[in-house]
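Q: Build me a model from this:
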Amino acid sequence: MRVPRLVASDVDGTLIDDEDQISARTRKVVSALVGEGVPFVLATGRPPRWIGMVAEQLGHAPVAVCANGAVLYDSATDRVISARTLDADTLAWLGELTRRILPGSGLAAERIGSSAHDAVNPSFVTAPGYEHAWLNPENVEVDEYEVLAQPAIKMLVRLPGASSAAMHAALAPHIGGRADITYSTDSGLIELAAPGITKASGLAAVAARHGVVPEDVVAFGDMPNDVPMLGWAGRGVAMANAHPATIAAADEVTATNTADGVARVLERWWG
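A: Residues are numbered from 1 along each chain as shown. Reported below is the predicted structural model:
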């Protein structure tokens, strides 16, 4: 592959290590490519409000594809460039479907304003009984009707004790074209977005803004929500710690997220 004109990386399990840190080696090579004018894009399931902590470690405020492609976010200006949402009718339909197919699961919704930091309107709302898959979720608990009553960039379904893969297999056949379904952890959590919204669609929009074609993009990831992006990019790279489906979709496999896997590939051009 010729020198990439755009580099994209997932965050959790890919760019950062298991202590949520970016290594000095990774920071150095990202700084080198950015210094040569090559855009470095974060492509993540995270919402925009969780990008600042990554940008601070990078020493660079990138454009980020957030919420698995639903949001394009400029972290340098704290501005939402674009957002695609599930409408309230679809959320209500998905809620009813989930109650029938995955009884006992809890529902949550991620919403978006014009910036990542909206002090007035809650960004992450959860129904009573929703058990979080991560620490410090910054949620606001409301009744289930309210969770589904406003457009959302992402609907989350949590079923503790289940595998995300099993949840996906049970629910996906019933959704048809009304939503896109994926997962970024196998701890009983699946994520739903507007139809056709994936990291690939979000990254394609960023690449188009820079006049870059897929063949000139290298992308890194580790979980099933990265599969569309790795398939779209000219070179899709899976981490050694990646989910089997992600490894199968990749053009190559690099070292783990704890062994500078991203840096090892990028150093071919910016070493």
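Q: from here on, contacts and neighbour counts on C-alpha atoms
A: Noted.
Q: Next SSE downstream of the helix-or-strand element of the chain with minimal mean pLDDT?
A: Within the chain, confidence by mean pLDDT, DSSP states H and E is lowest for strand 140-141 among all helices and strands, at a mean of 93. Scanning forward in sequence from strand 140-141 by DSSP states H and E, the next helix or strand is helix 144-147.
Q: ok so, going back, the least confident helix or strand of the chain pairs with which strands, parallel or anti?
A: Neighbouring strands of strand 140-141 in its sheet, by DSSP bridges, are strand 124-126 (parallel).
Q: Give me the contacts around the partner strand.
A: 106-111, 138-144, 147 (C-alpha atoms under 8 Å, 6 or more residues apart in numbering).
Q: hang on, the earlier thing: what about the least confident helix or strand of the chain, distance to the chain center?
A: Averaging C-alpha positions (C-alpha atoms, centre = their mean, to the nearest Å) puts strand 140-141 22 Å from its chain's average.
Q: likewise stretch 16-32?
A: 18 Å.
Q: now swap in stretch 128-147 and tell me
A: With C-alpha atoms, centre = their mean as the basis, the mean position of stretch 128-147 lies at 19 Å from the chain mean.
Q: Tell me the confidence at the residue nearest to Asp87 when sequence neighbours are not counted?
A: Leaving aside its sequence neighbours, Asp87 sits nearest to Pro151 (C-alpha to C-alpha, 6 or more residues apart in numbering; 4.6 Å). Note on Pro151: pLDDT of 97.
Q: these two touch, right, Val63 and Asp78?
A: No - checked against C-alpha atoms under 8 Å, the pair Val63 and Asp78 is beyond contact range at 9.8 Å.
Q: between those two, who's got more neighbours?
A: Just comparing Val63 and Asp78: by other C-alpha atoms under 10 Å the higher neighbour count belongs to Val63, 24 against 18.
Q: do you know how far the closest residue to the more buried one other than its chain neighbours is from Asp226?
A: In space, and not counting its chain neighbours, Val63 is closest to Asp74: 4.5 Å by C-alpha to C-alpha, 6+ apart. From Asp74 over to Asp226 the distance is 20 Å, taken as C-alpha to C-alpha, to the nearest Å.
Q: Thanks a lot, see you next time.
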